[in-house]
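>>> here is my input, please return the structure:
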Amino acid sequence: MKVLRLVFLLTSACLVLPAAAWSSGKAPSPQTPSARVGIFYYPWFATAQRDGAYAHWQQGGSAPPDSLASGFYPARGPYSSADALVLDAQMGEIAAAGIGTVIVSWWGRGSFEDGRLPQVVAAARAHRLSVAAHLEPYGGRTVAATEADIGFLRTLGISDFYVWASVSLPDAEWAALNARLAGVRTFANTNLAGRAAAGKFDGLYTYDVLLFSGALFPRLCGQARRLGLLCAPSVGPGYDARRATGDDRVRSRRNGATYDSMWRGAVKARADLVTITSYNEWHEGTQIEPARAAQRGYEGYDGAWGLRGRAAETAYLVRTAFWVRRLSG
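The predicted structure is shown next:
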């Protein structure tokens with residue numbers, strides 16, 4: 001029992017010290033970003049000061065900066081995704097956590113997010129991160145349009161494509177497209193390995209961290225392997241979109257236990273890749289970007305792995321680094 005207690009204390013110290021250092025402006029010793037880990041990233045935020053008007057922070061009737069469309073409050077405050085200093089800091093955090101790929105939300109040619117993409121790509125690559133595209137279900141999206149989208153995005157050096165709501169379009173059309181593509185990887189958004197195989201995707205991912213748990217991943221990845229698919233299950237800390245959308249479904253973070261259980265499932269499943277939902281989807285409360293504790297009645301990360309105050313702000317990034325090491329053996 002004394003040996004076990006000593007191990008626990010040493011492990012706790014390893015978690016607390018990097019968090020405290022990070023929150024004081026000193027990054028923990030960086031590890032090489034893993035090509036096996038990606039994180040969903042949203043470039044859609046804007047502020048009145050930087051962009052002339054708020055975008056996304058004001059959703060659901062919120063009035064930034066005092067009230068935001070999230071149950072949490074960013075440690076850096078409401079920000080613009082076009083702010084070069086913010087982007088650089090965010091990519092630095094992602095890289096230091098050992099995450100190798102930024103999966104950027106993209107809503108079609110000419111969209112707000114499309115305009116932000118080149119800047120995100122440049123910031124990510126400055127930190128030696130790869131960039132993938134999360135192809136969202138923009139109005140009028142078809143399989144044929146997706147082929148054109150992929151062709152365009154490849155000019156930015158993007159070769160991995162995660163297709164949200166892929167099962168809403170015909171499997172046969174996806175199969176024909178994927179048979180024509182070369183030099184890229186496509187991932188279907190589904191928990192049905194058979195659907196991903198029918199569409200001849202290279203792999204699958206789940207994204208949803210409200211409905212799916214880590215207990216699903218061993219079975220899902222086993223099915224994917226039998227069908228020759230890459231398995232990239234999505235892990236996340238919890239879900240709470242009440243303030244932004246009125247959705248009253250909540251998945252509690254349980255002081256970090258939810259995140260740990262999802263990662264544990266992915267490691268047990270021997271996942272080919274792990275995708276994290278998310279870096280900064282503040283509306284749905286899935287973010288691991290630093291958050292302030294008790295800011296104007298908003299939730300922080302206090303209590304996560306026993307941390308509080310400034311040390312808790314970066315708790316999920318520090319814990320991500322721990323799990324990336326576990327995934328890498």
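>>> you'd agree L181 is up against I150?
Yes - because the distance of 6.9 Å satisfies CB atoms under 8 Å, L181 is recorded as touching I150. C-beta coordinates here come from the backbone N, C-alpha and C atoms, glycine included.
>>> who has more neighbours out of those two?
Higher neighbour count among L181 and I150: I150, with 19 against 16, using other CB atoms under 10 Å.
>>> kindly state the beta-bridge partners for the closest residue to the more buried one other than its chain neighbours.
In space, and not counting its chain neighbours, I150 is closest to F161: 5.9 Å by CB to CB, 6 or more residues apart in numbering. On the basis of DSSP bridges, F161 takes part in beta bridges with A133, T186.
>>> what's around D247, how many residues?
The burial count assigned to D247 is 14, neighbours taken as other CB under 10 Å.
>>> joint contacts of L181 and I150?
Overlap between the contact sets of L181 and I150, as judged by CB atoms under 8 Å, 6 or more residues apart in numbering, is nil.
>>> outside of stretch 67-80, which residues touch it?
Identification of contacts with stretch 67-80 by CB under 8 Å, 6+ apart yields 45-47, 49-51, 54, 56-60, 62, 64-65, 86, 89, 240-244, 282-283, 285, 287, 289-292, 295-296, 298-300, 313-314.
>>> filter these to the buried ones?
Among the contacts of stretch 67-80, those classed as buried by 16 or more other CB atoms under 10 Å are 45-47, 54, 56-60, 62, 64-65, 86, 89, 240-244, 282-283, 285, 287, 289-292, 298-300, 313-314.
>>> filter these down to the ones in helices?
86, 89, 242-244, 313 (DSSP state H).
>>> in a markdown table: those residues, plus distance to A122.
As requested, those are arranged in a markdown table below (distance: CB to CB, whole Å):
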| residue | distance to A122 |
| --- | --- |
| V86 | 14 |
| A89 | 14 |
| R242 | 35 |
| R243 | 32 |
| A244 | 29 |
| E313 | 27 |
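>>> what two of these are the furthest from one another?
In those, the most distant members under the criterion CB to CB are A89 and R242, with 28.2 Å between them.
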